[in-house]
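> I would like to see how this sequence folds:
(chains A and B)
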Amino acid sequence: MKLNKIILSFVSALVILFSTSVVSFAKVVGDKIILGAAISLTGKYSSNGVHTQNGYNMAVDRINSMGGVKVGGKTYKFDIIYYDDESNPKRAAQLAERLISQDGVEFMLGPYSSGLTKAIAPVTEKYGVPMVEANGASRSLFTKGYKYLFAVLAPANLYLDVAIDLAVEKNNGKGVTVAMAFEQDAFSQDVRLGVLDAIKRTGSKKVIDDKLPKELNDMAATLVKVKQMKPDVLVVSGHTKGALTAIRQISEMKVDVPMLAMTHCDAAKLSKQHGKNSQYALCASQWHKTLTYKDDFFKDGMTYDADFTKEFGYAPPYQAAESSAALLVFKDAFERANSFDQKKVRDALAATNMQTFYGNIKFAEGGQNVDKPMVLFQVMCDDAGKCENKVVAPTKWASAKLIHPIPSWSER
Amino acid sequence: MDFMVFQYPMISVQACLDGILLGILFALIAYGMALQWGVMNIINIAQGDLVILGGYIAYFMYLYGIHPAWGVIVAPVIMYFVGIVIYKLVINKVVDRDLFISILATFGISILFMQLMNFAFGADVVLANSDYGTTMLFNNNVVLPNSKIFSAFISILFAICLVIYMKKSKLGRAIRATAQNARAAKILGVDTEKVYAATFGINAALCGVAGALISITFTIHPYMGLPYTIRSFMIVIVAGLGNLPGVAMSGMGLGVFEEFADYILGTEFRIGSVFLLLVLILVYRRFKLSKKREYLK
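Residues are numbered from 1 along each chain as shown, chains lettered A, B, ... in the order given. The predicted structure follows:
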């Protein structure tokens, strides 16, 4: 009995010692603000996971080297604890728990993709941990009444409605016919809802509404229907594989459509994989290097593009740019809150109203950024077959004029 | 429900042709599965992953400036040896065990392959461009990408070669003998160990060909293997083992069925309708079987 008691008290002493040491390791150690992030470094999202991590790291280095974060008259530096969530929502939620309750992290950065953000948000919400995320655009994230979730990017339903507006504008303000092909996942279905809203708003008509399977690699059936119905606009959203499959089969089947709008062309490296076949495709993007937004850390899009390319050896996709912006938002909020109290930081985040190289950032009640419109770029190729993405909408940032309607395949 | 496919007869023609071309490609993968299932009594869950690996071989040739069509020659050679290695490391330890063990083992191989491919080639969706152009039929109302026609042609060619090889060569006869009765074949001097290794190698080689064709026709991605495993499983279930014409017919039938389901029910029910068909066929078979049993009584 006595021995049992001794063991018991020894174990509880250890537990207490361990838990206090963990707590003391929390959030701010010395001059470091420690942020936590679960990122997909392996698994199916690993490419974009790495872009996200590179974006975070780039901003951490930049902010630290330019004076860090000033709170209560003291200067702090950012540091991030990363875990690999293996592109698995369950794992991501576990890691969020671990970051918060074991590592004592009090501020989080988001993972990659809407699905994983959805898995983590209930955890950060439960512990009252402010999370600034840069890669979860699904509308459903912003309708759950989360108080501690802030997204620097525009929500998914805004991705392609610009394209419908553009088509209507080109049709002298009259409604157009729209063919839609969307993958059955949270993100693409949100994009679809946005397009449906735009169709209703502009008095347009949907003629095809196909839902593509997750293992999508053949959309010939949809394209045959498009050939038959001859819609004014074809909108496709199915992540990278959707964009690649669409361009391949549209060019092989010689489908003529006046306007083709898609998502994920950046990540699909459309023009690199398909060359001139991808010409004239319109792509929705959160960011483009030619946008004229400015900030003190990265200056502007062009400088960010050059610096990122120098450091990582490839041009930054928008997934990296928005991830960098998340750190700028955190820095700004810490300084305005002038405290590390989670509630105060949360309130400061909610009151954010700033410009970064990535765009203006101002959060609505639900946590989504309402101050940054999406841009549309069009793939344009020269005679030598060199292709470039040029911004065509909104007109304020357009660096090239929209080519509309797309020339038919027989004329190309 | 959408009956557009019947309102425009050309869409039916298109759906049939698309389905047949697709089905021939599926049949090639299924034939490999039927072969090793029949000979070794192993259901290979990693079938689709072998296909994708073959696709990556063609893709890398394309990256290095070689036309991906050469992949249909290079991929099977490399994949044959990959198959032999997998056999020596894992399959030979489960070949005489019950089906459940082999399913578990190949399931493990499947996961391992997915992760290794993801690690080595990245998670991006890729494809190899053949620039084969398009064939237009019926006054441009039916379009067939030449890459699909090429795929079907190569699949048929490989299937024919394999059938001849099985009939004429010594190893082919040994494989067929082992499939009929492994014990008897062993007694009569067939080295069944060698036969098993060769069978697994041939299956992997067929997957390699199919993979190269898929990278030319569709897209590949480390996690895209499972649908191919499921489809070939379906085809084999419907056709039965060791029945090549059956596999070909069932492959094409499945392709056409999928296309029509896509047009009529919608793309979202494409794969679902395949499963429904599987269930119906199994129920029908059971029904027929039970009748037979009564007759025997």
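> At the geometric centre of chain A, which residue sits there?
The residue lying closest to the centre of chain A (C-alpha atoms, centre = their mean) is A:Asn135, at 3.1 Å.
> what's the average pLDDT for stretch A:259-275?
Mean pLDDT, computed over stretch A:259-275, is 82.
> got the contact list for the closest residue to chain B within the stretch 51-200 of chain A?
Closest residue of the stretch 51-200 of chain A to chain B, C-beta to the nearest C-beta: A:Gln184 (5.9 Å). From N, CA and C alone the C-beta is placed, and that goes for glycine too. A:Gln184 sits next to A:Lys211, A:Leu212, A:Pro213, A:Lys214, B:Glu268 when contact means C-beta atoms under 8 Å, 6 or more residues apart in numbering or on different chains.
> Are any of the residues you listed buried, and if so which?
The neighbour count (16 or more other C-beta atoms under 10 Å in any protein chain shown) marks A:Lys211, A:Leu212, A:Pro213, B:Glu268 as buried among the contacts of A:Gln184.
> does the second one really touch A:Asp185, like I thought?
No - distance between A:Leu212 and A:Asp185: 9.4 Å, which falls outside the contact criterion (C-beta atoms under 8 Å).
> residues in chain B within reach of chain A, list them.
B:4, B:8, B:11, B:14-15, B:18, B:22, B:115, B:118-119, B:122-127, B:129, B:134, B:136, B:143, B:145, B:147, B:218-219, B:221-224, B:226-227, B:259, B:262-263, B:266-268, B:270-271 (C-beta under 8 Å from any C-beta of the partner chain).
> Filter these down to the buried ones.
Buried, going by 16+ other C-beta under 10 Å: B:11, B:14-15, B:18, B:22, B:118, B:123-127, B:129, B:134, B:143, B:145, B:147, B:218-219, B:221-224, B:226-227, B:259, B:262-263, B:266-268, B:270-271, out of the residues of chain B next to chain A.
> In helices only, show me the residues of chain B next to chain A.
If you go by DSSP state H, these have B:4, B:11, B:14-15, B:18, B:22, B:115, B:118-119, B:147, B:226-227, B:259, B:262-263, B:270-271 in helices.
> How about the stretch 251-400 of chain A: which residue is closest to chain B?
A:Glu252 (3.7 Å).
> So that residue sits against B:Ile149, correct?
No - counting by C-beta under 8 Å, A:Glu252 stays clear of B:Ile149, with 11.1 Å between them.
> between the two, who's got more neighbours?
A:Glu252 (23 against 16; other C-beta atoms under 10 Å in any protein chain shown).
> what's the closest non-adjacent residue to the more buried one?
B:Pro145 (3.7 Å; C-beta to C-beta, 6 or more residues apart in numbering or on different chains).
> Next up, the contacts around residue 213.
With no chain named, the answer covers chain A. Contacts of A:Pro213 by C-beta under 8 Å, 6+ apart are A:Glu183, A:Gln184, B:Thr267, B:Glu268, B:Arg270, B:Ile271.
> not quite, I wanted chain B
If you count contacts by C-beta under 8 Å, 6+ apart, B:Leu213 has them with B:Leu25, B:Val72, B:Phe150, B:Ser151, B:Ile154, B:Ser155.
> most neighbours, which of the residues you listed?
B:Ser151 (28 neighbours).
> Check what pLDDT residue 114 gets.
Reading this off chain A. 88.
> other chain: chain B
For B:Met114, pLDDT reads 90.
> before we move on, what about A:Ala13?
The per-residue pLDDT reported for A:Ala13 equals 57.
> now the one 3 residues further on
The predicted structure scores A:Ile16 at 54 on the pLDDT scale.
> near chain B, which residues of the stretch 151-300 of chain A?
A:181, A:184, A:210-213, A:215, A:217-222, A:224-225, A:227-228, A:239-241, A:244-245, A:248-249, A:252-254, A:267-269, A:273-275.
> Show me how to select, in PyMOL, the buried members of these.
Listed next is the PyMOL selection for buried residues among those, using 16+ other C-beta under 10 Å:
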select buried, chain A and resi 181+210+211+212+213+215+217+218+219+220+221+222+224+225+227+228+239+240+241+244+245+248+249+252+253+254+267+268+269+273+274+275
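> Show only the entries of the residues of the stretch 151-300 of chain A next to chain B found in strands.
Using DSSP state E, the members of these that fall within strands are A:Ala181, A:Asp210, A:Lys211, A:Leu212.
> in chain A, which ranges drop under the pLDDT threshold?
Within chain A, the stretches with pLDDT under 70 are A:1-3, A:6-27, A:267-268.
> So it: which segments form each domain?
With domains defined by automatic domain parsing, chain A comprises A:24-154+A:291-362, A:158-285+A:374-397.
> Pull the number of nearby residues for A:Gln378.
What A:Gln378 shows, counting by other C-beta under 10 Å, is a neighbour count of 26.
> Same check on B:Ser12?
17.
> right, and it touches B:Asp18 too?
No - using C-beta under 8 Å, B:Ser12 is not in contact with B:Asp18; the gap is 10.7 Å.
> could you list every residue that touches the closest residue to A:Gly128 other than its chain neighbours?
Distances taken as C-beta to C-beta, 6+ apart put A:Gln342 closest to A:Gly128, at 5.5 Å, once the chain neighbours are dropped. Each residue near A:Gln342 by C-beta under 8 Å, 6+ apart is listed here: A:Glu106, A:Phe107, A:Gly128, A:Val129, A:Pro130.
> Kindly indicate which of those residues lies nearest A:Ala119.
Closest approach between the contacts of A:Gln342 and A:Ala119, by C-beta to C-beta: A:Val129, at 14.5 Å.
> And that closest one, how close does it get to A:Gly110?
12 Å (C-beta to C-beta, to the nearest Å).
> neighbour-wise, which of these two wins?
A direct count of neighbours by other C-beta under 10 Å for A:Val129 and A:Gly110 places A:Gly110 higher, at 30 against 23.
> Next, that one: phi, psi?
Main-chain dihedrals, A:Gly110, degrees, to the nearest 10: phi -80, psi 160.
> right, and it touches A:Gly136 too?
Yes - the pair A:Gly110 and A:Gly136 qualifies as a contact (C-beta under 8 Å) at a distance of 5.9 Å.
> Mind listing the shared neighbours of those two?
A:Thr117, A:Ala151.
> Columns distance to A:Val176 on top of the contacts of A:Gln184, output as CSV?
Conversion of the contacts of A:Gln184 to CSV gives the following (distance: C-beta to C-beta, whole Å):
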residue, distance to A:Val176
A:Lys211, 21
A:Leu212, 22
A:Pro213, 27
A:Lys214, 29
B:Glu268, 25
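> Mind jotting down where the helices sit in the stretch 201-350 of chain A?
Applying DSSP state H, counting those that start in this stretch to the stretch 201-350 of chain A gives helices spanning A:220-229, A:239-252, A:265-268, A:270-274, A:301-312, A:318-337, A:342-350.
> what angle sits between the second one and helix A:220-229?
With axes from the mean of the first three to the mean of the last three C-alpha atoms, to 10 degrees as the criterion, the two stretches helix A:239-252 and helix A:220-229 enclose an angle of 50 degrees.
> how much does the longest strand along chain A deviate in direction from helix A:318-337?
The single longest strand within chain A, with elements called by DSSP E, is strand A:74-84. Put simply, strand A:74-84 runs at 140 degrees to helix A:318-337, going by the same axes, to 10 degrees.
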